[in-house]
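Undergrad: Next input, structure requested:
(one chain, ligands or ions: 2)
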Amino acid sequence: MAILVTGGAGYIGSHMVLALVERGEQVVVLDNLSTGMWWAVQPEAKLVEGDIGDEALLDRIMAEHRFDAVVHFAGSIVVPDSVRDPLGYYLNNTVKSRMLMACAVKAGIPRFIFSSTAAVYGNVPAEPVFEDRPPAPVSPYGASKLMTEQMLKDSHAAYGLQFIALRYFNVAGGDPRGRIGQSTPRATHLIKVACQTALGQRERLEVFGTDYDTPDGTCLRDYIHVSDLIAAHVDALDYLRKGGDSGIFNCGYGKGYSVLDVIRAVERVNGAPLPVQYAPRRAGDPAAIVAGAARVREVLGWQPRHENLDFIVETALNWERKLALRNAGG
Ligand SMILES: NC(=O)c1ccc[n+]([C@@H]2O[C@H](COP(=O)([O-])OP(=O)(O)OC[C@H]3O[C@@H](n4cnc5c(N)ncnc54)[C@H](O)[C@@H]3O)[C@@H](O)[C@H]2O)c1
Ligand SMILES: O=c1ccn([C@@H]2O[C@H](COP(=O)(O)OP(=O)(O)O[C@H]3O[C@H](CO)[C@@H](O)[C@H](O)[C@H]3O)[C@@H](O)[C@H]2O)c(=O)[nH]1
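TA: Ligands and ions are numbered 1, 2, ... in the order given. Sure thing, here's the model as predicted:
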């Protein structure tokens, strides 16, 4: 049996491919390389360059391999872009996910694991958010993911498709052994941008908003190391293979760090002050969003190994150095 990983050339998907090939699984990656990198896919996996909305291609791949699961990472991920181009986001994230799901059901693939997001919750109070909180996304990105969760629930009820949707909080860091990391050139994520600044690739880090109702006035987020996030996917796969119930799980550590906490961590790890500039709030940012994180541990048996902000930053910084060398042709 093989596993189909969509978006396996992207940041998070490429870490999943690494974890799967390391445990001896047969992996096929489907990726259109719109933001992913072919070289991020481990050579043991088969890379098919193509689109998750291409029905004929999906039918062909699914007939060629016996998949027991689809792990679906492919999608568009930039929240402000989704506000500017909602229909583009609904197409790539919702409509094409429907096509992928329909082909999986048609081909009799029993299991589906989906990259959802904390953005489905929308603006929340400062305390941890649990999975049973009614979702209320405030961006088309969050809504596009919530619709896909709904299609999974309905497909479970109608066709018996087993599914796990993992709602990621703020994913950061890279493979602890430095083999892969976040490589998208125009990334907007705080830890990535802070590391690029630490290496002199950006002049300064802008801090978006210092007047939030939080302990130091900057936003709180629940940063999760990408390898721990991937461990939750592997746990989800094992759980579904054992016949576990379908469901939705938050993926975070349950602890919030402020933007200033992140800056201090980068300064500690890099051993130098980071040039920062205080700037106005960025539109659409909730003040705080922290995971209620018990369910994934209790039900899937998830045990994180890298619950440490400095370690997350260290792996992100190491990867950024390697990427700079690679981009310079070194
Ligand atoms: N990075 C985060 O903090 C975060 C947080 C919550 C959820 N997520 C979700 O995790 C998933 C992976 O995110 P990422 O950070 O690795 O992003 P990424 O952009 O690095 O990866 C997405 C991958 O999907 C591919 N892709 C996009 N549209 C495609 C299509 N139509 N057909 C085939 N391939 C396509 C891209 O080429 C890329 O390789 C996304 O679904 C995203 O919404 C990410
Ligand atoms: O240059 C920067 C970049 C970010 N921030 C702040 O840092 C925090 C984190 O921002 P960012 O890293 O962009 O992540 P989020 O906006 O929290 O969104 C991420 O986390 C969500 C889940 O919580 C996912 O759904 C999204 O895909 C993913 O981008 C926010 O307060 C930002 O305002 C800055 O101050 N300066």
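
Undergrad: Relative to ligand 2, how far out is the closest residue to Val276 other than its chain neighbours?
TA: Once flanking residues are discounted, Val276 sits nearest to Leu205: 4.9 Å by CB to CB, 6 or more residues apart in numbering. All C-beta spots, glycine's among them, are computed from the backbone N, C-alpha and C. Distance from Leu205 to ligand 2, counting by CB to the nearest ligand atom, to the nearest Å: 6 Å.

Undergrad: Leu205: neighbour count?
TA: By other CB atoms under 10 Å, 22 other residues sit near Leu205.

Undergrad: Lys96 now?
TA: When neighbours are defined as other CB under 10 Å, Lys96 has 22 of them.

Undergrad: I'd say it and Leu57 touch.
TA: No - using CB atoms under 8 Å, Lys96 is not in contact with Leu57; the gap is 11.8 Å.

Undergrad: what is in contact with these two at once?
TA: Contact criterion CB atoms under 8 Å, 6 or more residues apart in numbering; residues shared by Lys96 and Leu57: Asp51.

Undergrad: Convert stretch 83-95 to CSV, retaining C-alpha atoms only.
TA: Extracted in CSV, the C-alpha atoms of stretch 83-95 (Å, rounded to 0.1, in the frame of the first residue of the first chain):
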residue,chain,number,x,y,z
VAL,A,83,-8.9,38.5,1.3
ARG,A,84,-7.8,40.1,-2.0
ASP,A,85,-8.6,37.0,-4.1
PRO,A,86,-11.3,34.9,-2.3
LEU,A,87,-12.5,33.1,-5.4
GLY,A,88,-8.9,32.0,-6.2
TYR,A,89,-8.7,30.6,-2.6
TYR,A,90,-12.0,28.9,-2.7
LEU,A,91,-11.0,27.3,-6.0
ASN,A,92,-7.6,26.0,-4.9
ASN,A,93,-8.5,25.1,-1.3
THR,A,94,-12.2,24.1,-1.5
VAL,A,95,-13.2,23.2,-5.1
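
Undergrad: With ligand 1 in mind, check whether it reaches it.
TA: Yes - contact of stretch 83-95 with ligand 1 (CB under 6 Å from any ligand atom) involves Asn92.

Undergrad: What lies in contact with that stretch?
TA: Residues contacting stretch 83-95 (CB under 8 Å, 6+ apart): 53, 75-76, 81-82, 139-141, 143-145, 147-148, 151, 283-284.

Undergrad: Of these - the most surrounded one?
TA: In terms of neighbour count, Lys145 stands highest of these at 30 neighbours, by other CB under 10 Å.

Undergrad: For that one, give me the pLDDT.
TA: As predicted, Lys145 sits at a pLDDT of 98.

Undergrad: Give me the packing partners of the helix or strand where it lies, helices and strands only.
TA: In the assignment (DSSP states H and E), Lys145 maps to helix 140-159. With contacts taken as 3 or more CB pairs under 8 Å, 6 or more residues apart in numbering; DSSP states H and E, helix 140-159 sits against helix 79-84, helix 86-89, helix 96-106, strand 111-117, strand 162-168.

Undergrad: Partner strands of the last one, with direction?
TA: The reference is to strand 162-168. Paired neighbours of strand 162-168 in the sheet (DSSP bridges): strand 111-117 (parallel), strand 247-251 (parallel).
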